[in-house]
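*Asks:* generate coordinates for the sequence data below:
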Amino acid sequence: DRRHKGLLLPRPLTHDLLASVIHQLGGRLARVVIHDLAQHTFFAKLMVQVGSRTVEIDSRPSDAIALAVGLKTPIYVDEQVFDKIQNEG
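*Replies:* Next comes the predicted model:
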């Protein structure tokens, strides 16, 4: 990943843009939660802290994980997801 290699691009990529929007609006990405698995599709949400309020934003897991890795934010997986993986496998 370019962030880990210290590479800078002249224009922001989508994940950089989203991180900037969250920051400029006074928020911070508190965590990412992979919260469900249905028909072989994972579901995720961004948990954005704005003051004392937490805003949940639906997200594709790939986008949520990329954003979390870039911002060094924790990623959580609900236990029910592990249960569903066992049952589908």
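*Asks:* quick one: the helices in this protein, in order.
*Replies:* Assigned by DSSP state H, the helices in the chain fall at 2-5, 14-24, 61-71, 79-88.
*Asks:* want to try JSON lines for those helices, with distance to residue 39 as columns?
*Replies:* From N, CA and C alone the C-beta is placed, and that goes for glycine too. Shown next, in JSON lines, are the helices of the chain (distance: least, CB to CB, whole Å):
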{"stretch": "helix 2-5", "distance to residue 39": "33"}
{"stretch": "helix 14-24", "distance to residue 39": "26"}
{"stretch": "helix 61-71", "distance to residue 39": "14"}
{"stretch": "helix 79-88", "distance to residue 39": "9"}
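*Asks:* which stretch among those helices comes nearest residue 47?
*Replies:* Across the helices of the chain, residue 47 has its closest neighbour in helix 61-71 (9.7 Å, CB to CB).
*Asks:* residues in contact with that closest one: which ones?
*Replies:* Applying CB atoms under 8 Å, 6 or more residues apart in numbering, the contact partners of helix 61-71 are 1, 3, 14-16, 18-19, 29, 31-32, 34, 42-46, 59, 73-75.
*Asks:* write the ChimeraX selection for whichever of those residues are buried.
*Replies:* To isolate the buried subset of the contacts of helix 61-71 in ChimeraX, counting by 16 or more other CB atoms under 10 Å, use the following:
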select :15,18,19,29,31,32,34,42,43,44,45,46,59,73
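*Asks:* quick check: mean pLDDT of stretch 57-75?
*Replies:* On average, the pLDDT along stretch 57-75 is 96.
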